[in-house]
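1. Coordinates for the following, if possible.
(2 chains)
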Amino acid sequence: MSIELDSHRTLTAARGRAAQRGLTTRQAVADRAFRVALLGATLLFVALVAGLFIELVHGSWESIVTFGAGFLWSSEWNPVTNHFGALPFIYGTLVSSAIAIVIAGVVGISAAVFLAEFAHPVVARPVSFFIELLAAVPSVVFGLWGLFVLAPILGHTVEPFIQRYLGFLPFFSGPIYGVGLFTAGLLLALMIVPTVSAIARDLIQAVPNELREASIALGATRWETATRIVLPSARSGIVGACVLALGRALGETIAATMVIGNRPAISASLFAPGYTLSSVIANEFTEATSSIYLSALLELGLILFVVSVVVNGCARILMWSMLRSQGRRS
Amino acid sequence: MQMTVVGATNDAPVEDEADVALRARSISAWYGTKLAIRDVSLDFRRHSISAIMGPSGCGKTTFLRCLNRIHESALGARTTGEVMLDGTNIYDPDVNPVVTRRRIGMVFQRPNPFPTMTIFENVVSGPRYTGLSGNPRELRDIAEEALRGAALFDEVKDKLDDPALSLSGGQQQRLCIARALAVQPEVLLMDEPTSALDPLSTLKIEELMEQLATAYTVVIVTHNLQQAARVSHYAAFMLGDADRVGSVIEYAPTQQIFTHPTDRRTEDYITGRFG
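-> Sure, this is the predicted structure:
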């Protein structure tokens, strides 16, 4: 008993001394090593991004020198005469991704609100599981389904229907092929909707219940509570989820390639075929026999890289300004 | 040892029928299959403060949450019994709980202002929902009146457009009171409204409660006996049985329950022998 007490006293005293002296050597070394390891891991990412960028610039240098800035707004893509321009691909990428994010945003957030706020867990759990399963489907499978199922349905039924009533708008005019920007956008939307809805659902569920109760106690309906209290509280995070999803849509290659039509043309109609930056790189990389051709493809890669960074940057600025206008939440 | 009953029965310390603002009859509440409170009946006198006290887990908060039908908003939660508000049973199938909650306001244990909104937007969020008013001038007036009612106006009048979360905890709780008042309820339910606050903020809210009782019927849940003794006119003591099912042990004017409790268990509780 007294020995126990003694050892306890000794231990306490030792701890006291250690606290006064600061850390033990072992702790100090471990601490430093840990910090260096973390810093290294972080710097690795910076180096990776910088290296990627430098390599892309290096590889596309010939094309940059040859075509100059005109590469960005030239619509010509002719491997025979070695004249290359990126505009149709930039257009195709941006338009198909825009269609995708608008549809996926609306559908994904709606589904998330339903699953988190209204559905009984007995329904919500399996449905959430299936939505997340959708994210695991390989994009080539999406592409096959898009080409053989979605494109015919759109080409024979949906697009003629839209054209009959909204055909006066340039977006919905012109001949219908089934494959095209609209089909690609819709397929991309299906592919990124799990990202939006799964993250949005988690964020909505993370909104403190106290806020829901405060709203309900004021005489708000569940709908009003969901749209005016819960969604705004999760807003910045949901925007982040959409950015993530948009990033995937911008870079998605194989599924887009299979249903977009692969024609380097700019048409006002969303029903017309198009081409994306990633699709043309994937399709023509093996046929790029001349060095200028290869260099032009690499420059398309550089543009895709820059577009992705710019889109992400814009979205981040948007999120940041929204957080600020919401009032410096600590 | 049972003491002699002095005037008060369990459920009716309010003598005059017309003075009853809210009458709970045989309220039982479940969480899933777990019975939380059994057969609670209490009358709340108009323009008075009634305190419900008792140890943790006795079901006092659950009972309070039955009074504005917010208990049933939790998954699997269920209530039986009646709550009469001005002669209408709010549990009647024809009564919409959403409308009822506009007549019976609630303040929660922890201040819960809406974090995305400014002070002003918080106060007027209720009227905006309910369509009571969309007119900006009217909303300003409602906000001022509610903030004055919650003794917060002078502190925030120059920063109504600041975020609600820029206020201190005590101010946030008074903001929540103002938010509840802006809907112009008849009854105000307060669920341990000061348990997350420092003593000074607590004092301010207790002073405020006395003012509120001149215009509203206030029901407060508290585990703080001194608070119940200080602010309430009537006090109920609830206790859970061996299965943790809560019921009312005693309900009487506060003075009486603290000086001459009729039940041994009440006496044990208020003299600090348990709980």
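2. For the closest residue to chain A within the stretch 151-275 of chain B, give the beta-bridge partners.
-> Residue nearest to chain A within the stretch 151-275 of chain B: B:Pro163 (3.0 Å; Cβ to the nearest Cβ). Yep, even glycine has a C-beta here, placed from its N, CA and C like the rest. Note on B:Pro163: beta-bridge partners B:Thr118, judged by DSSP bridges.
3. Is it correct that it is in contact with B:Thr118?
-> Yes - judged on Cβ atoms under 8 Å, B:Pro163 makes contact with B:Thr118 at a distance of 5.9 Å.
4. Are we agreed that B:Val40 is in a helix?
-> No - when DSSP: H, G, I helix; E, B strand; the rest coil is applied, B:Val40 is found to be strand, with no helix at that position.
5. tell me the SS of the nearest residue to it once chain neighbours are set aside?
-> Ranked by Cβ to Cβ, 6 or more residues apart in numbering or on different chains and with sequence neighbours excluded, the top spatial neighbour of B:Val40 is B:Ile27, at 4.5 Å. Assigned by three-state DSSP, the conformation of B:Ile27 is strand.
6. For B:Ile27, give its distance to chain A.
-> Separation of B:Ile27 from chain A (Cβ to the nearest Cβ, to the nearest Å): 18 Å.
7. List the contacts of that residue.
-> B:Ile37, B:Asp39, B:Val40, B:Ser41, B:Phe63, B:Cys66, B:Thr79, B:Thr80, B:Gly81, B:Glu82, B:Val83 (Cβ atoms under 8 Å, 6 or more residues apart in numbering or on different chains).
8. Apply 7 Å and report the result again.
-> Neighbour list for B:Ile27: B:Ile37, B:Val40, B:Phe63, B:Cys66, B:Thr79, B:Gly81, B:Val83 [criterion: Cβ atoms under 7 Å, 6 or more residues apart in numbering or on different chains].
9. And B:Pro261, by the same measure?
-> B:Pro261 neighbours (Cβ under 7 Å, 6+ apart): B:Glu250, B:Glu267, B:Ile270.
10. Go ahead and confirm A:Ser295 touches A:Val57.
-> No - the pair A:Ser295 and A:Val57 does not pass the contact test of Cβ atoms under 7 Å, sitting 10.9 Å apart.
11. For those two, indicate the residue with more neighbours.
-> A:Ser295 (21 against 14; other Cβ atoms under 10 Å in any protein chain shown).
12. on that earlier part again, could you give the number of residues near the residue of the stretch 151-275 of chain B closest to chain A?
-> The burial count for B:Pro163: 21, using other Cβ under 10 Å.
13. Tell me which of the contacts of B:Pro261 fall in strands.
-> When DSSP state E defines the strands, the subset of the contacts of B:Pro261 inside them is B:Glu250.
14. pLDDT added to the contacts of B:Pro261, as CSV?
-> Putting the contacts of B:Pro261 into CSV (pLDDT from 0 to 100) gives the following:
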residue, pLDDT
B:Glu250, 93
B:Glu267, 92
B:Ile270, 88
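15. Adding distance to A:Phe129 and neighbour count, write the contacts of B:Pro261 out as CSV.
-> What follows is these, written out as CSV (distance: Cβ to Cβ, whole Å; neighbours: other Cβ atoms under 10 Å in any protein chain shown):
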residue, distance to A:Phe129, neighbour count
B:Glu250, 51, 23
B:Glu267, 56, 18
B:Ile270, 53, 19
